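# sequence-free structure coming up:
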């Protein structure tokens, strides 16, 4: 339908106003980048709720697997620590049983103090090494 | 040679045929080519804000794409597309009102600024096109929308009626009243000579 049906053709004022409006009111053009943003929006929409649900299930399964691995590692670490402690205690007892006769022969009544001091020094050494490792102090002996 | 409305109807029939033939992707691509400009113009007209219009147009087109498979042909394709677009715009307007109600002071300040802007514009000489656009913006909303879409859509009453979801008779009445109001405003500004009006855009 043309504007002639709206405007009486014999009314020059109406025709002039129609022409003026046609010139003044130009349609807005699509903004720059509209197509790109629309394609992105369509791609996001095509992911859809079904796909999002699948992603969530996948992420939950991954999280469960990771938690199970962490639990297994923790248990392994505790077992290893316990094993080290028991093994260390047996090794220390064996070492004392082997070394004590020699110490008694060398130091007499003071052998027990010497043994205690050696144990204390060993403990301090192990503690210090552990502390150096934890606070990441450069180890001066590392290069040797 | 086919007339423009017949050509448009044929294009819509092709799109519907593609949909019924089970190729919604191709149907949507043709829909985009034919309607994306019109959807954006309708959003611009209803929302009066290019940024909000772009958002609403994109949301509308995404919805159209999602719902393409469920189009049953009861309404014409254009009516269906424009109804989705209008609904998105109405949602955007409602959301904007909710936000505005949270900040009455800001809204008042903005309204005050707009009034001052209009006052300032009225005292300075400006070209006829700018005057016309300003007067169109001051028209009652239903007249403004009808008038803008009428000229955006190559003066097609049926297209405007479809876009706004109203009968063609109502569109014609709105156009008639909008023009009468504009002519009266021009007369009040001392621009009563039709030769002045034809200076618009020159």
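Structure's in. What do you need? Note that this is a predicted model, so its numbers are computed, not measured.
# specify the next element, helix or strand, located C-terminal of the lowest-mean-pLDDT helix or strand in chain B.
Counting by mean pLDDT, DSSP states H and E, chain B has its least confident helix or strand at helix B:104-123, which shows a mean of 59. For helix B:104-123, the following helix or strand on the C-terminal side (DSSP states H and E) is helix B:128-137.
# helices or strands up against that next one?
helix A:12-24, helix B:104-123, helix B:141-152, helix B:168-188, helix B:194-197 (3 or more CB pairs under 8 Å, 6 or more residues apart in numbering or on different chains; DSSP states H and E). Every residue, glycine included, has its C-beta placed from N, CA and C.
# now tabulate those in JSON lines and tack on distance to residue B:44 and mean neighbour count.
Listed next are these as JSON lines, based on distance: least, CB to CB, whole Å; neighbours: other CB atoms under 10 Å in any protein chain shown:
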{"stretch": "helix A:12-24", "distance to residue B:44": "16", "mean neighbour count": "19"}
{"stretch": "helix B:104-123", "distance to residue B:44": "18", "mean neighbour count": "10"}
{"stretch": "helix B:141-152", "distance to residue B:44": "8", "mean neighbour count": "22"}
{"stretch": "helix B:168-188", "distance to residue B:44": "17", "mean neighbour count": "17"}
{"stretch": "helix B:194-197", "distance to residue B:44": "24", "mean neighbour count": "17"}
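# where among the ones you listed is average confidence lowest?
Of all these, the minimum mean pLDDT falls on helix B:104-123 (a mean of 59).
# what about the longest helix seen in chain B, average pLDDT?
Longest helix in chain B by number of residues (criterion: DSSP state H): helix B:77-102. Per-region confidence: helix B:77-102 scores 90 on mean pLDDT.
# would you mind listing the buried residues in that helix?
Using 16 or more other CB atoms under 10 Å in any protein chain shown as the test for burial, helix B:77-102 gives B:77-78, B:80-82, B:84-86, B:88-89, B:92.
# adding distance to residue B:162, write those out as a markdown table.
Formatted as a markdown table, the buried residues of helix B:77-102 follow (distance: CB to CB, whole Å):
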| residue | distance to residue B:162 |
| --- | --- |
| B:77 | 10 |
| B:78 | 5 |
| B:80 | 10 |
| B:81 | 9 |
| B:82 | 6 |
| B:84 | 13 |
| B:85 | 11 |
| B:86 | 10 |
| B:88 | 16 |
| B:89 | 15 |
| B:92 | 20 |
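# picking that back up, is the longest helix of chain B positioned near chain A?
No - counting by CB under 8 Å from any CB of the partner chain, chain A has no neighbours in helix B:77-102; the shortest distance is 12.7 Å.
# following the longest helix seen in chain A, which helix or strand comes up?
Longest helix in chain A, counting residues (DSSP H): helix A:34-107. The element immediately downstream of helix A:34-107 (helix or strand, assigned by DSSP H and E) is helix A:111-135.
# determine how far that following helix lies from the middle of the whole chain.
Centroid separation for helix A:111-135 versus its chain: 36 Å, with CA atoms, centre = their mean, to the nearest Å.
# how about that helix: buried residues?
A:111, A:115.
# and the angle for it with helix A:34-107?
170 degrees (axes from the mean of the first three to the mean of the last three CA atoms, to 10 degrees).
# so which elements touch helix A:111-135?
Helix A:111-135 packs on helix A:34-107, going by 3+ CB pairs under 8 Å, 6+ apart.
# quickly check: the helix it packs on near chain B or not.
Yes - contact of helix A:34-107 with chain B (CB under 8 Å from any CB) involves A:34, A:37-38, A:41-42, A:45.
# neighbour count added to those, as a markdown table?
Formatted as a markdown table, the residues of helix A:34-107 next to chain B follow (neighbours: other CB atoms under 10 Å in any protein chain shown):
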| residue | neighbour count |
| --- | --- |
| A:34 | 17 |
| A:37 | 14 |
| A:38 | 19 |
| A:41 | 16 |
| A:42 | 16 |
| A:45 | 15 |
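# among those residues, which two are most distant?
With CB to CB as the measure, no two of the residues of helix A:34-107 next to chain B lie farther apart than A:34 and A:45, at 16.0 Å.
# in terms of contact, does residue B:82 touch residue B:162 like I think?
Yes - in this structure, residue B:82 is within contact of residue B:162 by CB atoms under 8 Å, at 5.6 Å.
# coming back round to it: nearest to residue A:71, of the residues of helix A:34-107 next to chain B?
residue A:45 (39.4 Å).
# list the contacts of that closest one.
The contact partners of residue A:45, by CB atoms under 8 Å, 6 or more residues apart in numbering or on different chains, come to B:62, B:65-66.
# go through those and name the one nearest chain A.
Using CB to the nearest CB, residue B:62 comes nearest to chain A of the contacts of residue A:45, at 4.9 Å.
# which one is the closest one nearest to, not counting chain neighbours?
In space, and not counting its chain neighbours, residue B:62 is closest to residue A:45: 4.9 Å by CB to CB, 6 or more residues apart in numbering or on different chains.
# from residue A:73, how far off is the one you found?
Distance, residue A:45 to residue A:73, using CB to CB, to the nearest Å: 41 Å.
# does chain A sit close to stretch B:138-152?
Yes - on the criterion CB under 8 Å from any CB, stretch B:138-152 is in touch with chain A at B:147-148, B:150-152.
# helix, strand, or coil at residue B:75?
Classification of residue B:75 using DSSP: H, G, I helix; E, B strand; the rest coil returns coil.
# and residue B:73, how many neighbours?
10 (other CB atoms under 10 Å in any protein chain shown).
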